[in-house]
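Trainee: Give me a 3D structure for the following:
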Amino acid sequence: MQAAHVMDNRPGITGLKFQTYVNFSIVDYASEIEPYLHASDDSNGNAINRIQELCNKPFGEAKLLKYCALDAIYEYRLAMLQQSEILLPF
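Mentor: Okay, the predicted model is just below:
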């Protein structure tokens, strides 16, 4: 995300999901998991997210593991792409 800010610091475009779409044409890989990443109480900044609720559902843990794997892969590929564009050694 830091490299995305260096390359273009407009608001709303530096997140991984947007960068994955722009750079790799992958539209959505998180829609099943997204509702569980947020707490049910938005007013409390210390509220716990709902991941455990997802894990208790059938195949929920597998979906979470797939999401985490894709997140890591896309982050790595994006970092390598940005490194070659910025020409900075990491």
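Trainee: So for the worst-scoring helix or strand of the chain on mean pLDDT, what gets flagged as buried?
Mentor: Counting by mean pLDDT, DSSP states H and E, the weakest-scoring helix or strand in the chain turns out to be helix 2-7, with a mean of 81. Judged by neighbour count (16 or more other CB atoms under 10 Å), helix 2-7 contains these buried residues: 3, 4. In this view, the C-beta of every residue, glycine as well, is placed from N, C-alpha and C.
Trainee: other SSEs contacting it?
Mentor: Counting contacts by 3 or more CB pairs under 8 Å, 6 or more residues apart in numbering; DSSP states H and E, helix 2-7 packs against helix 60-86.
Trainee: Pretty sure residue 27 sits against residue 21.
Mentor: Yes. Taking CB atoms under 8 Å as the definition, residue 27 is a contact partner of residue 21 at 5.9 Å.
Trainee: out of the two, which sits in the more crowded spot?
Mentor: In this comparison of residue 27 against residue 21, neighbours counted by other CB atoms under 10 Å, the higher total goes to residue 21 at 16 against 9.
Trainee: which residues of this structure score low on pLDDT?
Mentor: The chain contains residues with pLDDT under 70 at 88-90.
Trainee: roughly how far is stretch 29-44 from the heart of the chain?
Mentor: Between the mean C-alpha location of stretch 29-44 and the chain-wide mean there is a distance of 12 Å, by CA atoms, centre = their mean, to the nearest Å.
Trainee: let's have the chain start at 334 instead
Mentor: With 334 as the first residue, the last one maps to stretch 362-377.
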